[in-house]
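Engineer: Please find the sequence and the predicted model below.
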Amino acid sequence: LTLRPSLSGGEFEYAPNSREIVERWGEMPHDVAAALQAQRVELRVPKLTIGDLYIFRGANSLHRVSPVTEGKRVNIIFTYNSEPNVKLNGYTLQKFF
């Protein structure tokens, strides 16, 4: 949920259904955008404004937020899992909490 978009940078970027491609890489390439383009994977950058709620399958899609270059970016991140008692991994917990 977007509470405050940054003035510059801070765009949400994702490659839909890219998990299988990423797993074949073995390790993350330095230029992820170029690697995705070489695999003909579309990189999506939705324009998000205050109050927008964006829902996507994060476990199946490589995603990130580009560096904020001006202002502050404030969001609320909701997580959901269809399996009972599944928890976020340590890396994700550290990033979000």
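Structural biologist: Sure, I can see it. Nothing here was measured: the structure is a model prediction, and the numbers come from that model. Numbers count the residues shown, from 1 in each chain.
Engineer: tell me which element the closest residue to Phe56 other than its chain neighbours falls in.
Structural biologist: Of all residues not flanking Phe56 in the chain, Tyr14 sits nearest, at 6.1 Å (Cβ to Cβ, 6 or more residues apart in numbering). Any C-beta I mention is one placed from the backbone N, CA and C, and that applies to glycine too. Applying DSSP states H and E as the criterion places Tyr14 in strand 12-15.
Engineer: next helix or strand past that strand?
Structural biologist: Per DSSP H and E, the first helix or strand lying C-terminal to strand 12-15 is helix 19-25.
Engineer: In contact with the residue nearest to Phe56, which residues?
Structural biologist: Counting by Cβ atoms under 8 Å, 6 or more residues apart in numbering, Tyr14 touches 43-44, 56, 61-64.
Engineer: Please flag which of those residues sit within helices.
Structural biologist: The helices, defined by DSSP state H, take in nothing from the contacts of Tyr14.
Engineer: between those, which is closest to Ala35?
Structural biologist: Leu62 (9.8 Å; Cβ to Cβ).
Engineer: Could you report the distance from the closest residue to Pro29 other than its chain neighbours to Ala15?
Structural biologist: Sequence neighbours aside, Ala35 is the residue nearest to Pro29 in space, at 4.3 Å (criterion: Cβ to Cβ, 6+ apart). Per Cβ to Cβ, to the nearest Å, Ala35 is found 10 Å from Ala15.
Engineer: Would you mind telling me which of those two has more residues around it?
Structural biologist: Ala15 (23 against 17; other Cβ atoms under 10 Å).
Engineer: thinking again about what came up before, mean confidence for the strand holding Tyr14?
Structural biologist: When pLDDT is averaged over strand 12-15, the result is 90.
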